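Colleague: No letters, just coordinates:
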């Protein structure tokens, strides 16, 4: 075994461990423990309150084309097409933007989070058992994060 082989093996193990960390739904809860922006907490509390009162039958509308364009400007895809690892990275990114010193970037992060909440509401409303097979599991991680920070 050569020195380079050990280095490559160590790097690939670290990369795999990092990917495993982000691919866990409970990571969303861990991400919610520190530096959660107030706007995220407010939106999450509103979502959880509506969920408790109305269940999943609360009125909701799908995201607009403008919302889709806002998401795609930053490389975000729709929530139903997002993996758990992607959602967890996006949560960290939105928190970093919100807690940074740039007011415009903070407002943009709040807008993206609000779009994600709107997507989550619509997905929960329209979820059908045969359709949910087509979804990736990113929405579950996002919902877990939202429920945690609301409490």
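Modeller: Yep, it's here. Here the structure is a predicted model, which means the values were calculated and not measured.

Colleague: For burial, what's the neighbour tally of the nearest residue to residue 61 once chain neighbours are set aside?
Modeller: Here the nearest residue to residue 61 in space, its sequence neighbours aside, is residue 122; by Cβ to Cβ, 6 or more residues apart in numbering that works out to 6.7 Å. No exception for glycine: its C-beta is placed from N, CA and C like everyone else's. Neighbour count of residue 122, defined by other Cβ atoms under 10 Å: 16.

Colleague: which secondary structure element contains residue 122?
Modeller: Take DSSP states H and E as the rule and residue 122 turns out to sit in helix 103-126.

Colleague: Run through who's touching that helix.
Modeller: Judged by Cβ atoms under 8 Å, 6 or more residues apart in numbering, the contacts made with helix 103-126 from elsewhere in the structure are 37, 39-40, 43-44, 46-47, 50-51, 56-58, 60-63, 67, 70-71, 74, 76, 78-80, 90, 93-95, 97-100, 135, 139, 142-143, 146.

Colleague: again, only using 7 Å
Modeller: Contacts of helix 103-126 from elsewhere in the structure, counted by Cβ atoms under 7 Å, 6 or more residues apart in numbering, are 39-40, 43, 47, 56, 58, 60-63, 67, 70-71, 74, 76, 78-80, 94, 97-98, 100, 139, 142-143, 146.
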